[in-house]
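A.B. asks: Here is my input, please return the structure:
(chains A and B)
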There are 2 protein chains.
Amino acid sequence: MLPGPTNVPERVARAMYVPMINHRSADFVKLYEPCIEKTKQVFKTEGDAVCLSSSGTGAVEASVVNLIKKGDKVIIPVNGEFSNRLSQMIEWAGGKAIRVETKPGINATLDQVREAFDNNSDAKAFYCVWNETSTGTMIKYLDKIKDLTARNDAFYVVDGVSIVGGEELEMDKWGIDMAMTGAQKAFAAPPGISPICVNKRTKKYMMDNPPSTMYFNLPRYFKYYEESKHTPFTPALPLLYAYNEAMDIILEEGLDNRIRRHRTCSEALYAGLSAIGLTPFAEEDSRSTVVVALNYLQNLEDATFRNTLAEEFRVLVAGGFGNLKGKVFRVGCMGEVHKYHVMRTISAISSTLAMMGYDTNPESGLKAAGQRLAAL
Amino acid sequence: MLPGPTNVPERVARAMYVPMINHRSADFVKLYEPCIEKTKQVFKTEGDAVCLSSSGTGAVEASVVNLIKKGDKVIIPVNGEFSNRLSQMIEWAGGKAIRVETKPGINATLDQVREAFDNNSDAKAFYCVWNETSTGTMIKYLDKIKDLTARNDAFYVVDGVSIVGGEELEMDKWGIDMAMTGAQKAFAAPPGISPICVNKRTKKYMMDNPPSTMYFNLPRYFKYYEESKHTPFTPALPLLYAYNEAMDIILEEGLDNRIRRHRTCSEALYAGLSAIGLTPFAEEDSRSTVVVALNYLQNLEDATFRNTLAEEFRVLVAGGFGNLKGKVFRVGCMGEVHKYHVMRTISAISSTLAMMGYDTNPESGLKAAGQRLAAL
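C.D. replies: Residues are numbered from 1 along each chain as shown, chains lettered A, B, ... in the order given. This is a model prediction of the structure:
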C-alpha cells in the first residue's frame, strides 16, 4: 500500500524475463512502438510520447530543461516537497518561478491561480504538481486552466507522476501541452520507466530550441523515433517489457473503470480510517484519490507503527516527507488496489493500533469502508 | 554478440522476479549497500559509488555536469561517436573541450596527449573514452596519465561505459578520480543501471560546488547514502536486484580470470575472423579487447548480412555508428562470452558469407581461433 513503488501484477513481473535484444533492431520496434501508442491512449493525446529510462523526477526535469529558458516566468502552485522541488528545477533552468504558495495539505484555489495569471501576463508557462504525493493533496481544476493559459498562449505542463492512470486526464481536451508520470505509481509497473507526452506545438518549440543537455534531450528522442522508432540511448529493456504489459492491463480494465476503482477505494480508505479514529492530513477539498495521508495519533511513534504493520501484517505504508516526517503516514491507493486491499489495510492498521495500546473500533471502520466499496 | 546489451545469465534474469519493496526501508538498504560495495571492488576504489537508474550516457553526463563549470578547460581524445558526444557534453556544461583528434580506428598516442597537457597547463580535467564502442578502439595507457594530471592536480575521468569488468582497471592506483560504466556491457546485467565511482577529493569538490541539476545531482546521492543508504529518487528496483546478482557472478569468477577470458576471446575473434578474410577496422595498436569492429567486404550489404546472421543462426552483431553505418559491423566480446560463443560466431559469420556468395575458408578461421582459445 505504498504511494509507489506499487504492487506489480504477476503478468507484468514475468514480462521482464526475456532474453536481451538489440535496441537497434526490428525486435525493439515491436516492443517500443506499442509502449508509445498505449501511453498516448492513456494520456488521451494525439501528440508525441517518449518513455524515458529514469524515475519520474527525471521526466519532470526533462519537461523543465526542454522548455524553460533563461528569464522565463513560470507560475506554479507550491504546497509540498514535490512542487517545491519542481520550482527549484525551474529556477535552475534559469526560469523565474512565480510560486502560488499554500500550506501543506491545502491546494491553491483556482482564484489564487487566476490572480497569478492576472499579475503575470507575460508568464511563459504554468506548471503544476497534479498530485502532491508528500501530503496527499490533488489539484481538481486541471480542466479549467486552459482559459488562463490561452490568454497569451502560455505552456501548460502537468506533473502527473503519482496519479496518471488513476484519475481522469484529458490531455488534449483540457489544453495540456505536456504531462508525465512514473511507471511505478498508478500504472502498477516497476520503477525505472517514466513516460512524457508532448503536444505538437510544444514539440515544435523544443525542436526549434533544443536544450544543452544529453540524456533528457527530448528533440533527440523525437528525432530517433521519427527516423527508426528507436531511442537515442540504450533503454532499460526489461522494464519496457513490463511497462508494455502493464499498459495492456490498464486498457483491458478500461480507464473509466480504473478511475472509478481508485476513487471508490480511496473514499473507502478515508471513511474507514476516519471511523477508527484517524484524521486525514489534507483538507477535504484538496484530498487526493490516490494517496491517503493521515495524521499520527498523539505519541504514536512512526517507526514502531510502520514496522509493526510491515512485520506482523506485511502491509507497507510510507512515512512523512521532509518536515512531515514522524507527523503523518501515507497509504497509497494506486495501481493494483482492490476491495480486499482496502479492507485488509484498515483491519491491519486497526490491529496495529490496538497492539500499541490505542483504543480503536475496527468494526465501524470496516463497515464504513464496506459501504463505499459496495459501489464497485 | 552485441556490444551491449549483452546476454544476461539465468541467475541475473531471475533476480528481477521479486515483489516491489519500499525504497525508503531497511529492505532497500539490504539490496543497495551490497551493490555499492561490490561496485567499488570491481572499480578498485576506496572512494564512493552511486548506481544511477539510467543508461551509461546518463552516468557520463553526470560526471560532466557535476565537475565541469563555465570556462573550465578539458583535454579529451576524440576519435569516434562516443568521445565526440562526451566532448559535446563538456561544451554544453560551459567547459572548453581541448580535443586531441585522431582518425576513427586510431587512438591518440600518449605523446599526443602529453603535448595537449604541455600546451594547456591550466586544464582542469582530462576526460577519455576508454573503449570507443563505435569503432572498436581502446586506450591502452590509462596507467600513465597520472603523471600528467599530477602536474596541476587536474581531475582524471574515465568513461568506461562499455568495458569496465572486462579489462584491467585500477582506479585508485592509476590516479583516476572518477569512472563509470553501464550494467549492460561487460557486467552482463540488463540495461538501466549505470554505476559511477568518485574518489574522496572529487566528492569533496562536488559537495562544495553542487550542480544546478536534479536527477544527476551526485551530491544529493552522496548525502542520501550517508544519511540512510537510500537514493534520492525511486531507483529501478528490479534492475538493481539483477545488478547485484551480476556483481556476485563477476566476483565469483574473479576479475583476473574474467579479464583473461575477455582478452583471449577477443584475440580468438580477431584471429579467426581475419583468417576467413575479414579485416579489423581499428589499427592493431588501438584494437579493443571487448568490441571487435570489422570492415565489410566489398559489396557486402549491411542489412542483408546482419539479418541473415540473426535469422538463420540467431547470432546478433551490431552495425556501424554514424558515418560508419554500412561500412563496418561490430562483434561484442563482453560479459558472458565464452569459448563456444567465439567458435559459433566465427562459424555463423563464415556460413552467412558463404550463403551470400563469398568465398570463405571456415576451417582456417576456426583453427586460428581454437589455437588462441586453448589458453582458457
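A.B. asks: CA atoms for contacts and neighbours, from now on please.
C.D. replies: OK.
A.B. asks: Let me see the contact set for the residue in the stretch 201-350 of chain A that chain B sits nearest to.
C.D. replies: In the stretch 201-350 of chain A, the residue found nearest to chain B is A:Ala236; the distance is 4.3 Å by Cα to the nearest Cα. The contact partners of A:Ala236, taken as Cα atoms under 8 Å, 6 or more residues apart in numbering or on different chains, are A:Ser53, A:Gly192, A:Ile193, B:Ser54, B:Ser55, B:Pro190, B:Pro191, B:Gly192.
A.B. asks: Kindly report the same for A:Thr279.
C.D. replies: So, once contact is read as Cα under 8 Å, 6+ apart, A:Thr279 ends up touching A:Leu273, A:Leu294, A:Asn295.
A.B. asks: Against B:Arg11, how distant is it?
C.D. replies: 46 Å (Cα to Cα, to the nearest Å).
A.B. asks: Would you map the helices across the stretch 251-376 of chain A?
C.D. replies: Taking DSSP state H, counting those that start in this stretch as the criterion, the stretch 251-376 of chain A carries its helices at A:255-275, A:302-313, A:339-355, A:362-373.
A.B. asks: JSON lines for the ones you listed, including mean neighbour count and distance to chain B?
C.D. replies: What follows is those, written out as JSON lines (neighbours: other Cα atoms under 10 Å in any protein chain shown; distance: least, Cα to the nearest Cα, whole Å):
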{"stretch": "helix A:255-275", "mean neighbour count": "23", "distance to chain B": "20"}
{"stretch": "helix A:302-313", "mean neighbour count": "16", "distance to chain B": "10"}
{"stretch": "helix A:339-355", "mean neighbour count": "19", "distance to chain B": "16"}
{"stretch": "helix A:362-373", "mean neighbour count": "20", "distance to chain B": "26"}
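A.B. asks: Any idea which of those helices gets closest to B:Pro211?
C.D. replies: Nearest to B:Pro211, of all those, is helix A:302-313, at 33.4 Å by Cα to Cα.
A.B. asks: for that closest one, what is the average pLDDT?
C.D. replies: The pLDDT scores in helix A:302-313 average 96.
A.B. asks: who's in contact with it?
C.D. replies: Contacts of helix A:302-313 (Cα under 8 Å, 6+ apart): A:296, A:315-319, A:326-327, A:329, A:348-349, A:352-353, A:356.
A.B. asks: Kindly write the ChimeraX command that selects the buried subset of those residues.
C.D. replies: Entered in ChimeraX, the line below selects the buried ones among those, by 16 or more other Cα atoms under 10 Å in any protein chain shown:
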select /A:296,315,316,317,318,319,326,327,329,348,349,352,353
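A.B. asks: Mark which of the contacts of helix A:302-313 are part of strands, please.
C.D. replies: Among these, DSSP state E puts A:Ala318, A:Gly319, A:Phe329 in strands.
A.B. asks: Of those, which ones also sit close to chain B?
C.D. replies: Within the set of those, contact with chain B (Cα under 8 Å from any Cα of the partner chain) is found for A:Ala318.
A.B. asks: any chance of the ones in strands among the contacts of helix A:302-313 in JSON lines, plus pLDDT and distance to A:Ala368?
C.D. replies: Below are the ones in strands among the contacts of helix A:302-313 laid out as JSON lines (pLDDT from 0 to 100; distance: Cα to Cα, whole Å):
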{"residue": "A:Ala318", "pLDDT": "96", "distance to A:Ala368": "23"}
{"residue": "A:Gly319", "pLDDT": "95", "distance to A:Ala368": "25"}
{"residue": "A:Phe329", "pLDDT": "97", "distance to A:Ala368": "21"}
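A.B. asks: wait, which of the ones in strands among the contacts of helix A:302-313 is closest to B:Asn257?
C.D. replies: A:Ala318 (44.3 Å).
A.B. asks: List the beta-bridge partners for that closest one.
C.D. replies: With DSSP bridges applied, A:Ala318 shows beta-bridge pairing to A:Arg330.
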